[in-house]
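A.B. asks: show me how the following folds:
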Amino acid sequence: MRTIRLILKLLPWLIVILLALWIYLTFKTAQQTETVINRSAVLQKIESLGKLELVRYNFKEITEVTELSKEYFRIFKLGPDSRIALISEGQAVGCIDLTKIKEDDITMKNDTLYVRLPPAEICYYKLDMENTRIYSLQTNPLKDEKAFIQKAYRYAERDIKESALSSGILEQTRNNAELILKPFLEQTSGKVVVLTDKVPETMLDLK
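C.D. replies: Numbering: from 1, shown residues only. This next block holds a predicted model:
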């Protein structure tokens, strides 16, 4: 009889404990599901941006190319050396290819979203042919003048790329990601966003 009374006395507490446990497990499962959905949604938003152009550098260069004519017996040459000077204008664009980001690059810790970015790169570089002109030209009549001029244009285009790299276009691209991409991701996820180049191993990766 006492046993029955004891069970009846403890029964409400058992019900309360079981109910609390059920609510906790349900909330935890729902929270984990929500986190996965948010990560997936953020990834889709990021991928939809494709190659995000973040900086554009404009250049004006002088490119000089000399092609020596063959010398015979150190005495004479068959024609003069070929020389050209180009005054060129062009541009280089720095970007981050967001299609390279995978779900493993998105990490949650507490209320902070960590996104590991791929390296900054030069999307493209090109000459502005309308504003690029030949300043001076001397060619060997025995050589292909058109081929020599085309070579000079290729060198001028290469100079655009090298000037962009030496001017810090990759560093500026990464810095601009903080100014442009970070606010977008914070608005999308509703969380504080930290852009990283490498996610610390101690962080919890929720899946």
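
A.B. asks: make it CA atoms for all contacts and neighbour counts henceforth
C.D. replies: OK.

A.B. asks: which residues are in contact with stretch 59-68?
C.D. replies: Applying C-alpha atoms under 8 Å, 6 or more residues apart in numbering, the set of residues contacting stretch 59-68 from outside is 80-91, 152, 155-156, 159-160, 163.

A.B. asks: just the CA coordinates of it, formatted as PDB?
C.D. replies: Extracted in PDB, the C-alpha atoms of stretch 59-68 (Å, rounded to 0.1, in the frame of the first residue of the first chain):
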ATOM      1  CA  PHE A  59      47.300  51.400 -66.000                       C
ATOM      2  CA  LYS A  60      49.100  53.400 -68.500                       C
ATOM      3  CA  GLU A  61      52.400  51.800 -69.600                       C
ATOM      4  CA  ILE A  62      55.300  52.300 -72.000                       C
ATOM      5  CA  THR A  63      56.500  49.000 -73.400                       C
ATOM      6  CA  GLU A  64      59.700  48.800 -75.400                       C
ATOM      7  CA  VAL A  65      60.700  45.700 -77.300                       C
ATOM      8  CA  THR A  66      63.900  45.100 -79.300                       C
ATOM      9  CA  GLU A  67      64.600  42.200 -81.500                       C
ATOM     10  CA  LEU A  68      68.200  41.900 -82.600                       C
END
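
A.B. asks: and that stretch, average pLDDT?
C.D. replies: Averaging pLDDT along stretch 59-68 yields 91.

A.B. asks: so what sits opposite Glu71 in the bridge?
C.D. replies: Under the criterion DSSP bridges, Glu71 forms beta bridges with Lys77.

A.B. asks: distance of it from Asp81?
C.D. replies: Distance, Glu71 to Asp81, by C-alpha to C-alpha, to the nearest Å: 10 Å.

A.B. asks: of those two, who's got more company?
C.D. replies: More crowded of Glu71 and Asp81, by other C-alpha atoms under 10 Å: Asp81, with 16 against 11.

A.B. asks: for that one, give me phi and psi.
C.D. replies: phi -70, psi 150 (degrees, to the nearest 10).

A.B. asks: which residues are in contact with it?
C.D. replies: Contacts of Asp81 by C-alpha under 8 Å, 6+ apart are 66-69, 138-140.

A.B. asks: OK, contacts around Ser88?
C.D. replies: Per C-alpha under 8 Å, 6+ apart, neighbours of Ser88: 60-63, 127-129, 131-133, 156.

A.B. asks: how much space between it and Leu49?
C.D. replies: In terms of C-alpha to C-alpha, Ser88 sits 32 Å off from Leu49.

A.B. asks: Ser136 now?
C.D. replies: On the measure of C-alpha to C-alpha, Ser136 and Leu49 end up 44 Å apart.

A.B. asks: now stretch 103-118: mean pLDDT?
C.D. replies: Mean predicted confidence for stretch 103-118 is 88.
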